[in-house]
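Colleague: Take a look and give me a structure for this.
(one chain, ligands or ions: 1)
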Amino acid sequence: MNILDKITLDKRKEVELRKSLIPVSQLEQSVLFERVTISLANNLRHSKSGIIAEHKRRSPSKSVINNTLNVQDVAKGYEAAGVCGMSVLTDGKYFGGSLDDLLTARASCNIPLLRKEFIIDEYQLLEAKAYGADVILLIAAILSKDEIKQFSEFAKTLNLDVLLEVHNEEELHKSIMPSLDMLGVNNRNLKTFDVNLDISKSLSNLIPDDFVKVSESGISNINAIKELQPYGYQGFLIGENFMKTDNPGVSATEFIQNLEK
Ligand SMILES: O=C(O)c1ccccc1NCC(=O)[C@H](O)[C@H](O)COP(=O)(O)O
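Modeller: Here you go, the predicted model:
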């Protein structure tokens, strides 16, 4: 079984457990359910740099990235750096994240927050809303076309932006639909962990212009972004490159300043 199948299997068990502990009615009582969300897609459309900076403690491909930082400092640092949005990994088992991380980030900054999660159930979208997210991620590799439609349409009823992630042409073809805001190309093969920016380049002309194009993973310098911008990419999701430093906010600030020079 590959790692993505393993993560998805564990996620199904986790979500069933969560559902049995916290009913939907309780999620809907969160004060954050009434919050007016901020659109990441809009921010990206109007940005020169297009950085989405991630909070990522560890990952299946890299094990520990940074265990010493707190989410509050990272969120404040990213906001001060001028990023378009922050991605918060909420998976515990494989990434060391949690919904509490999302809540802490929400309390610490006023930029769009992406719940970075393996979404396999509508319940997780209600959680995203209740814990302060503005954006959800849907991964085409683990969802059917019908599920992508169902989850993205449900997300829109909650006023959440939808970032749909693909890694190849087949995933892209099954996914294109009007209920998505952003199409992300993951440069990392989630089954083998190989990273290759050429994936973003080769899929770019197959993505209709109505969607904001986002390139994800393996971006470690501004040259990578300068290479991808001519292919129409307006968003760049960066995790490890910032999180491996002692101060991700300062690292993101320097990165954006160099990019916008
Ligand atoms: O990062 C991983 O090892 C990983 C493994 C399996 C599924 C997902 C994984 N990562 C999620 C992401 O998409 C990245 O955290 C994100 O794009 C940032 O990537 P990077 O800048 O390379 O940290």
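
Colleague: Can you pull up the residues of the stretch 101-250 of the chain that come close to the ligand?
Modeller: Contact residues, the stretch 101-250 of the chain versus the ligand (C-beta under 6 Å from any ligand atom): Asn186, Leu190, Phe193, Glu216, Ser217, Gly218, Ile219, Leu237, Ile238, Gly239, Glu240, Asn241. (C-beta placed from N, C-alpha, C; glycine too.)

Colleague: Surely the last one touches Ser217?
Modeller: Right, the one you point to is Asn241. No. Look at Asn241 against Ser217 with C-beta atoms under 8 Å: they stay out of range, at 10.2 Å.

Colleague: So which of these two has more stuff around it?
Modeller: The neighbour count for Asn241 versus Ser217, taken as other C-beta atoms under 10 Å, is higher for Ser217 (27 against 19).

Colleague: Now do the contacts for the more buried one.
Modeller: Asn186, Asn187, Arg188, Val195, Leu237, Gly239 (C-beta atoms under 8 Å, 6 or more residues apart in numbering).

Colleague: Next: Asn241.
Modeller: Contacts for Asn241 were tallied using C-beta under 8 Å, 6+ apart; they are Ile219, Ser220, Asn221, Ser251, Phe255.

Colleague: In ChimeraX, how would I select the buried members of these?
Modeller: Under the burial definition 16 or more other C-beta atoms under 10 Å, those of these that qualify are selected in ChimeraX by:
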select :219,251,255
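
Colleague: Check the contacts of Asn241 and tell me the two furthest apart.
Modeller: Ile219 and Ser251 (12.8 Å; C-beta to C-beta).

Colleague: So among the residues of the stretch 101-250 of the chain next to the ligand, where is pLDDT lowest?
Modeller: For these, the weakest pLDDT value sits at Leu190, with 81.

Colleague: What is the neighbour count of that one?
Modeller: Leu190 has 20 neighbouring residues, counting by other C-beta under 10 Å.

Colleague: what's the most distant pair in the residues of the stretch 101-250 of the chain next to the ligand?
Modeller: Leu190 and Asn241 (18.4 Å).

Colleague: sorry, back to before: could you list which of the residues of the stretch 101-250 of the chain next to the ligand belong to strands?
Modeller: Residues of these located in strands (DSSP state E): Asn186, Glu216, Leu237, Ile238.

Colleague: Is it correct that the third one is in contact with Ala224?
Modeller: No. Under the criterion of C-beta under 8 Å, Leu237 makes no contact with Ala224, lying 11.8 Å away.

Colleague: Contact partners for the closest residue to the ligand within the stretch 101-250 of the chain?
Modeller: Closest to the ligand within the stretch 101-250 of the chain is Gly239: 2.8 Å, counting by C-beta to the nearest ligand atom. Residues near Gly239 by C-beta under 8 Å, 6+ apart: Ala53, Glu54, His55, Lys56, Ser59, Ile65, Ser87, Ser217.

Colleague: what do you get for Leu183?
Modeller: Leu163, Leu164, Val166, Leu172, Ser175, Ile176, Ile207, Phe211, Val212, Lys213, Val214.

Colleague: quick one: secondary structure of it?
Modeller: Using DSSP: H, G, I helix; E, B strand; the rest coil, the structure places Leu183 in strand.

Colleague: Then Leu69?
Modeller: Under three-state DSSP, Leu69 falls in the coil class.
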